[in-house]
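Colleague: give me coordinates for this.
(one chain, ligands or ions: 1)
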Amino acid sequence: MNAPDRAGIRQASEIDMSSWWMPFTANRQFKASPRIISGARGMYYYTPDGREVVDASAGLWCVNAGHARQEIVDAVTAQLGTLDYAPGFNMGHPVAFEFASKLVEVTPPGFDKVFFTNSGSESVDTALKIALAYHRARGEGHRTRLIGRERGYHGVGFGGMAVGGIVSNRRMFANSLIPNCDHLPHTHDLARNAFSRGQPEHGVEFADELERLVALHGGDTIAAVIVEPVAGSAGVLVPPKGYLQRLRSICDKHGILLVFDEVITGFGRLGTPFASQYFGVEPDLFTTAKGITNGVVPLGAVFMKGAIHDALMTGPEPMIELFHGYTYSGHPVACAAGLATLEIYGREKLLTRGAGLEQEWADALHSLRDCPNVVDVRNLGIMGAIELAPKAGGAQPSRAYEAMVGTFEAGVLMRYTGDTLALSPPLILEREHIDRIVETIRKVLAGIA
Ligand SMILES: Cc1ncc(COP(=O)(O)O)c(C=O)c1O
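Modeller: Next up, the predicted model:
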């Protein structure tokens with residue numbers, strides 16, 4: 001693929017940055033020293049001055065098929081010319097129905113109902129609402145408690161924040177979060193599990209904390225437990241062996257719904273289409289977004305077992321079954337992008353391609369274990385993380401931030417969170433990209449005090 005045309009592209013110094021309040025960004029720090037991306041193709045981003053940067057984070061964990069895929073461009077363009085927008089409330093349009101039907105061909109058996117949203121945050125809030133509505137419809141409206149996990153990230157809606165477990169996302173809104181939420185402990189245990197390849201050996205017992213919450217509140221007050229199968233945004237925290245299985249069996253014992261937040265792990269990130277298949281643990285509902293359209297048009301989706309959907313299809317037929325939805329639920333352009341994305345995933349076998357690369361990816365990442373300040377290397381599927389020692393007294397910016405800036409300047413884009421560098425390249429990656437990513441990190445880490 002050729003680099004994108006740079007005609008007309010403005011350099012960072014020519015851009016007025018005063019108006020856009022950037023999300024999850026230290027705005028003043030960024031604007032004083034910006035990193036601008038102006039083009040993308042395949043495995044690469046391009047800066048306005050023409051530098052090629054390997055995308056080691058699939059954008060924000062979403063561009064699983066790589067950038068600027070022509071089929072998606074064509075599908076979106078054609079859809080815009082046919083039906084640019086149509087309401088989904090009391091009106092239908094072919095592309096949303098077609099996309100829903102195609103999606104449930106790639107989801108695990110039994111997950112044959114889908115509710116469309118526009119983002120991961122909306123998928124999470126939607127899944128929590130469906131869980132509450134399901135219990136109520138079955139005469140168990142006393143199940144109102146929602147359980148998340150420390151260090152979990154479930155987006156920025158009030159529901160997702162309340163079950164989320166990242167302190168900086170919660171602190172400012174602490175008194176306004178939805179009530180009746182509790183948290184399981186996180187499973188990150190550096191002392192016992194540092195440098196684990198794949199799933200760590202220790203920590204299955206962290207799941208037993210759910211029994212403690214049941215003992216405290218009564219299992220029949222708990223509606224749902226929501227976890228990311230692999231916690232992504234908190235720095236790729238891989239579940240210990242047996243942990244998810246145990247959560248599943250405790251939920252079953254007490255009639256609690258288990259929701260997997262697969263916004264990151266969905267659509268091939270672990271080398272299986274969905275994380276539930278990687279772990280062999282079936283949730284009752286799962287959330288998706290990001291990779292569902294290869295990140296190119298915002299769209300999210302909640303998948304559920306037929307029985308959950310059917311429990312709400314019981315009232316009088318003229319009644320709306322769930323008072324919930326978004327203006328853009330099932331947006332035709334997003335669905336067209338999703339259909340083209342699914343075509344690519346299917347043809348190039350991207351939903352399972354990671355399985356063949358997982359060992360190579362793990363070997364390459366773990367070769368960084370002796371670099372300065374590295375306290376952990378973690379991997380699963382085509383996800384990875386390198387955790388660095390915090391600076392004395394927790395001084396900021398963290399070494400991980402410095403490494404993110406350094407690697408970007410050296411031609412590799414990755415995420416950082418706290419003290420951790422997080423990696424999740426597009427699933428089209430080849431050996432040469434793995435080498436380039438790892439060697440760039442090695443060089444940059446060598447220069448960080
Ligand atoms: C597991 C998980 N859930 C929810 C979200 C929120 O998604 P969005 O930013 O699309 O609202 C994210 C975003 O990274 C995520 O990783």
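Colleague: got a list of what the residue in the stretch 51-200 of the chain that the ligand sits nearest to touches?
Modeller: Here the stretch 51-200 of the chain gets closest to the ligand at one residue, residue 120, 2.2 Å apart by C-beta to the nearest ligand atom. Every C-beta, even on glycine, is put in place using the N, C-alpha and C of the backbone. Contacts here follow C-beta atoms under 8 Å, 6 or more residues apart in numbering; on that basis residue 120 touches 154, 155, 261, 263, 287, 288, 289, 290, 300.
Colleague: at 6 Å what do you get?
Modeller: 155, 263, 289, 300 (C-beta atoms under 6 Å, 6 or more residues apart in numbering).
Colleague: would you map the helices across the stretch 151-300 of the chain?
Modeller: For the stretch 151-300 of the chain, the helices defined by DSSP state H, counting those that start in this stretch cover 158-163, 167-170, 190-193, 209-217, 243-254, 275-279.
Colleague: got those helices as JSON lines, with mean pLDDT and distance to residue 40 columns?
Modeller: Shown next, in JSON lines, are those (pLDDT from 0 to 100; distance: least, C-beta to C-beta, whole Å):
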{"stretch": "helix 158-163", "mean pLDDT": "98", "distance to residue 40": "28"}
{"stretch": "helix 167-170", "mean pLDDT": "94", "distance to residue 40": "28"}
{"stretch": "helix 190-193", "mean pLDDT": "98", "distance to residue 40": "35"}
{"stretch": "helix 209-217", "mean pLDDT": "98", "distance to residue 40": "42"}
{"stretch": "helix 243-254", "mean pLDDT": "98", "distance to residue 40": "34"}
{"stretch": "helix 275-279", "mean pLDDT": "98", "distance to residue 40": "26"}
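Colleague: dump those helices to JSON lines, plus distance to the ligand and mean neighbour count.
Modeller: As requested, the helices of the stretch 151-300 of the chain are arranged in JSON lines below (distance: least, C-beta to the nearest ligand atom, whole Å; neighbours: other C-beta atoms under 10 Å):
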{"stretch": "helix 158-163", "distance to the ligand": "6", "mean neighbour count": "24"}
{"stretch": "helix 167-170", "distance to the ligand": "11", "mean neighbour count": "12"}
{"stretch": "helix 190-193", "distance to the ligand": "21", "mean neighbour count": "12"}
{"stretch": "helix 209-217", "distance to the ligand": "19", "mean neighbour count": "16"}
{"stretch": "helix 243-254", "distance to the ligand": "15", "mean neighbour count": "19"}
{"stretch": "helix 275-279", "distance to the ligand": "10", "mean neighbour count": "22"}
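Colleague: now the ones you listed as JSON lines including distance to residue 90?
Modeller: Output for the helices of the stretch 151-300 of the chain, formatted as JSON lines (distance: least, C-beta to C-beta, whole Å):
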{"stretch": "helix 158-163", "distance to residue 90": "25"}
{"stretch": "helix 167-170", "distance to residue 90": "36"}
{"stretch": "helix 190-193", "distance to residue 90": "52"}
{"stretch": "helix 209-217", "distance to residue 90": "39"}
{"stretch": "helix 243-254", "distance to residue 90": "35"}
{"stretch": "helix 275-279", "distance to residue 90": "33"}
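Colleague: re earlier: show me which of the contacts of residue 120 neighbour the ligand.
Modeller: Among those, proximity to the ligand is found for 155, 263, 289 (C-beta under 6 Å from any ligand atom).
Colleague: just the closest of those to residue 368, please.
Modeller: Checking those against residue 368 with C-beta to C-beta, the nearest one is residue 263 at 26.8 Å.
Colleague: not counting sequence-adjacent ones, nearest residue to that closest one?
Modeller: Using C-beta to C-beta, 6 or more residues apart in numbering and skipping the chain neighbours, the partner closest in space to residue 263 is residue 120 (3.7 Å).
Colleague: phi, psi for the residue in the stretch 301-449 of the chain that the ligand sits nearest to please.
Modeller: Using C-beta to the nearest ligand atom, the closest approach of the stretch 301-449 of the chain to the ligand is made by residue 415 at 9.6 Å. Dihedral pair for residue 415: phi -90, psi 160, per degrees, to the nearest 10.
Colleague: no more questions from me, cheers.
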